[in-house]
Structures are given as C-alpha cells and as structure tokens.
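>>> this is a predicted model, with the sequence first.
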Amino acid sequence: MKKEDRFTEGRILIPLLRFAFPVMAALFLQSLYGAVDLLIVGQYATSADVSAVATGSQFMMTVTNVIAGLSMGATILLGQLLGEGKREETGKAMGASIVFFGLIALLFTAVMLLNIERVSTIMQAPAEAFAMTSDYIRICSAGLFFITAYNLLGSLFRGLGNSQLPLISVTIAAVINIFGDLLLVRVFGLGAAGAAYATVFSQAFSVLFSLLIIRKIALPFRFQKDYIRLDNAVNKKVFGFGFPIALSDLLVGISFLVITALVNALGVTASAGIGVAEKVAGFIMLIPAAFGQSMAAFVAQNYGARKISRAYKALRYGVLVSLSIGVFIGLFSFFRGDLLCGIFSKDPEVVTAGWDYLKAYAFDCILTAVFFCFTGFFNGCGKTRFVMAQGILGAFGVRLPLSYIMSKRVPVSLFKIGLATPASSLLQTVLCIGYMMIKKKELDERERG
C-alpha cells in the first residue's frame, strides 16, 4: 500500500488534511447535484419548479444519506481490517459488500417507485408543484442503483485510505450534470423533470467511468472475482456498523423533512426559500462533514492497529481546523447570507425568506465543527450505536419539537424555526464530549492491551 494511504505511521495532521481535502471537494461537487438543479431551475423555470426541486431533492438527499450511512459500515470494516494487517480478509469484505449493496439498491428502488405520490403528499408539496415534485422523485428513484453504486465505491476506497477516486467520480458526474441541466431545463424547458433526468444520467456515467478506472488501480490486497459473493459473516459486520448510522441519518433526515413539510404549508415562497437555504447550508456544512468522514477512515485504521493515541491527536487536529473555518463561514452566512441565497433564486422574496432561515445555520457552523469530528471518531472505533443515539436524541428531542413550536408562533419566523437545528447540535456536542469521557479508559486499555 502506498505510504500516503497509511494512517497508522508517521505524521498525523498533513496526511489527515491530504485525505480530507479530496473528501471535501467530493462533497462539494456532490452538493452541486441538487444545487445546480435548483440554480438553473431558479433561473430558467417557475417558482413551482423551484419548490418541486427543493422538496424533491430534500427527500432524495435523505434516501441518499441512508445509503451512505449503510456504506459507512464498509468504510469502518475495511479500515479496521487493513489496520490489523488482514489483507485477504479485506479483499473478501470488499467483494461481499458489492453484492450486499447491489441487493439493497434493488430493494430501495422498488419501494420508492411504489410510493411516489404518497411521498409528495407526506411532504405537503404545494398544489401547484405537486405533480412536478412527484415527477422529480420518480425519475431520481429510478436511478437509485447508480446512487448506491457511487456511495459504495466512495466508502470502500475511503476505508482503504484513498480519497482521490471518489473525487474523480463525483467530478465527472458534476460536470455532466451541469451540462445536462442547461440542455434539458434551459434549452428544452423541461423544468424540474429535466433537472432529475440530468442528475440520474450523470450518476450513471460516473459509475461506469469509475469502474474503468478501478481496473487500472493497484489495490493494497489481492482481489479476485470469486470474492464477489454473499458472505453472511462480512455482511453482518457491515450491517452492524452501518445500520445504526443509516438509521440515525434516516431519522435525522425525517426531522428535516418534517421541517420542510411545516414550511411548505406556509406557501410556495416559504417552501422555495427554505429549499434555497438548505442548498446553501449543504455547502457551508461541507468542512465539518468532510472532517467527520475523514476522521472515521483515519481512526478506523488506527483503532485496528491499536494506536489510539494517534486517533486522539487526529481528533484534536480535526476539531481545531474545522472550528477555525466554521467561525468565519458562520459570520459570513449570518451577515451576508442574502448573497449566498441570491445565487439560487432571482426572486427577492425567496432570497429574503432563505436568508432568514440561513441565519440560524450560522450558529450551527460552529457546533458541527466539533461534534461531526467526534462522531467520525466514534464511527471509526465502531461505536456506531452511540452515534445513532445522539443523532436521534438531537432530532426528536430538540429539533422537531422546537421547530414545530416555532412554526405555530405568530408571526411565523423562518429564523426561529431554523434555530431548532443549532439547538439540536448543542445537545449532540455535549453528548459526544460526555461519551468520550466515559469511554476514554476503555480506549486507552485497547492501546495498552
């Protein structure tokens, strides 16, 4: 294995940053999927189309996050096996994961396609945008196989310490998606449906191109075609690591979908505004999200190698770097969020509504810089049940009830509704710090033992 892919030896900060930056770039480009859809639809289609893309992409993001959460189980398992020096077992785990996630993709596709209108109804899509929202979700659901394949490939290679391949994959997809949006939305006037078609086609092409690249990459272990088969022992471990993360992501995503539904009931302007703000938030949360994913990969290898002290240092570095950038982004979002929202909509009322909601996310930039790194650390250690628990407590103990209460206070303020998110993050940060204090002795004993 190349030296730069090994996290268990040598320096910590530089390899962590070298790994995190491609992850960050990949997340940035991945965020462009929905953002470019919204941007181009906002410039060349109607407010109803904007509402449809905002609502539909928010729902599809939740589905994608569940798939990504499950695939994180593969990241953790491969990282720990590699850290333990079990090369053959790593190859077999990779092959078993491919089959396992292929079956998951088929299941998700069938469930989604049978429940399109029901989803739009639950999301309270405005009447004038209902059909467009259903079309957007239907088209994207048909491409869930490629969404699953993309997330699995990224998770597998991040577990091996390679963040370059996922970046190449999403770069290809992002470029194709931009041109597809311009062609289908601007030229052919297909609105929200055109944005969905562009997204699916770009992901399909990206996966196929990535498979061609993989054939030319030297893996740090032997990988044979007969490894691509169901392995109950491997799948049980992948599912055991990934399911708590996926369940947490699902429930957290549901909490955001409920907030979207609450705001949708306020009308098209508010619906489009929160959609714009969520797209902006997706970008400003890239840094803590990137460090969280990178932390999981880095810590998994060191946990497998019983080098916990290196994992502690990586956590400290991650929090400091992420926090220093988060403060700057938070201040800019609070005072000039109108500039950010204006990128995605030409409607002054939508921009104002989006900025009002975005101001609340300014506080979240600081808090997520801390607790995303902690959850990445715990994921790498395999403590995914705690990550699930703190996510659920934050979503259903704080974010949902507080956002509901604020949505009923007259006059309704999107800023006050948005404050439910940093309030949830504050609780999660406290829980993470407390859990670290409880588990530190156990982790230290692992290193000594």
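Looks like it arrived, so ask away.
>>> could I get the CA-only coordinates of stretch 387-405 as CSV?
Output of stretch 387-405 as CSV, limited to C-alpha atoms (Å, rounded to 0.1, in the frame of the first residue of the first chain):
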residue,chain,number,x,y,z
VAL,A,387,-23.7,7.9,17.1
MET,A,388,-27.2,6.7,16.3
ALA,A,389,-28.5,7.5,19.8
GLN,A,390,-27.1,11.1,19.9
GLY,A,391,-28.5,11.7,16.4
ILE,A,392,-31.9,10.5,17.3
LEU,A,393,-32.0,12.5,20.6
GLY,A,394,-30.9,15.7,18.8
ALA,A,395,-33.5,15.2,16.1
PHE,A,396,-36.5,14.1,18.1
GLY,A,397,-35.7,15.5,21.5
VAL,A,398,-34.9,19.1,20.3
ARG,A,399,-35.1,19.8,16.5
LEU,A,400,-38.6,18.5,15.8
PRO,A,401,-40.5,19.8,18.8
LEU,A,402,-38.7,23.2,18.8
SER,A,403,-39.3,23.7,15.0
TYR,A,404,-43.0,22.7,15.5
ILE,A,405,-43.4,25.1,18.3
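>>> quick one: mean pLDDT for it?
On average, the pLDDT along stretch 387-405 is 89.
>>> and it, what's buried?
387-388, 390-396, 398-400, 402-403 (16 or more other Cβ atoms under 10 Å). (Each C-beta comes from the backbone N, C-alpha and C, glycine too.)
>>> equivalent analysis for stretch 71-78, please.
So for stretch 71-78, counting by 16+ other Cβ under 10 Å, buried means 71-78.
>>> looking at those residues, which is nearest R336?
Set against R336, the nearest of the buried residues of stretch 71-78 by Cβ to Cβ is M72 (34.1 Å).
>>> for the buried residues of stretch 387-405, give me CSV that also has distance to A142 and secondary structure.
Shown next, in CSV, are the buried residues of stretch 387-405 (distance: Cβ to Cβ, whole Å; DSSP: H, G, I helix; E, B strand; the rest coil):
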residue, distance to A142, secondary structure
V387, 31, helix
M388, 30, helix
Q390, 34, helix
G391, 29, helix
I392, 30, helix
L393, 35, helix
G394, 33, helix
A395, 29, helix
F396, 31, helix
V398, 36, helix
R399, 31, helix
L400, 30, helix
L402, 36, helix
S403, 32, helix
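>>> from these, which is closest to I259?
Nearest to I259 among these, with distances taken as Cβ to Cβ, is S403, at 4.8 Å.
>>> next one: phi and psi at the nearest residue to that closest one once chain neighbours are set aside?
Nearest residue to S403, sequence neighbours excluded (Cβ to Cβ, 6 or more residues apart in numbering): A420, at 3.9 Å. Here the main-chain torsion angles of A420 (degrees, to the nearest 10) amount to phi -60, psi -30.
>>> wait, isn't A420 in contact with L400?
Yes. Using Cβ atoms under 8 Å, A420 is in contact with L400, at 7.5 Å.
>>> low-confidence regions, the stretch 1-150 of the chain specifically.
Applying pLDDT under 70 to the stretch 1-150 of the chain flags the ranges 1-6, 32-34.
>>> what about the helices in it?
13-44, 47-83, 87-113, 116-122, 130-142, 144-159 (DSSP state H, counting those that start in this stretch).
>>> which of those is buried the deepest?
Burial of the helices of the stretch 1-150 of the chain is given as mean neighbour count (mean count of other Cβ atoms under 10 Å); helix 47-83 ranks first at a mean of 27.
>>> just list the residues touching the most centrally placed residue in the chain, thanks.
Relative to the mean C-alpha position of the chain, the nearest C-alpha, by Cα atoms, centre = their mean, is the one of N65, at 5.2 Å. Residues near N65 by Cβ atoms under 8 Å, 6 or more residues apart in numbering: 249-250, 252-253.
>>> not counting its neighbours along the chain, what's nearest F371?
T429 (4.2 Å).
>>> now do the buried residues in the helix or strand that contains the one you found.
Using DSSP states H and E, T429 sits within helix 420-448. For helix 420-448, a neighbour-count test (16+ other Cβ under 10 Å) marks 420-429, 431-432, 435-436, 443, 447 as buried.
>>> quick one, what contacts the nearest residue to E84 once chain neighbours are set aside?
What sits nearest to E84 in space, not counting adjacent residues and going by Cβ to Cβ, 6+ apart, is G304, at 4.4 Å. Neighbouring residues of G304 by Cβ under 8 Å, 6+ apart: 79-84.
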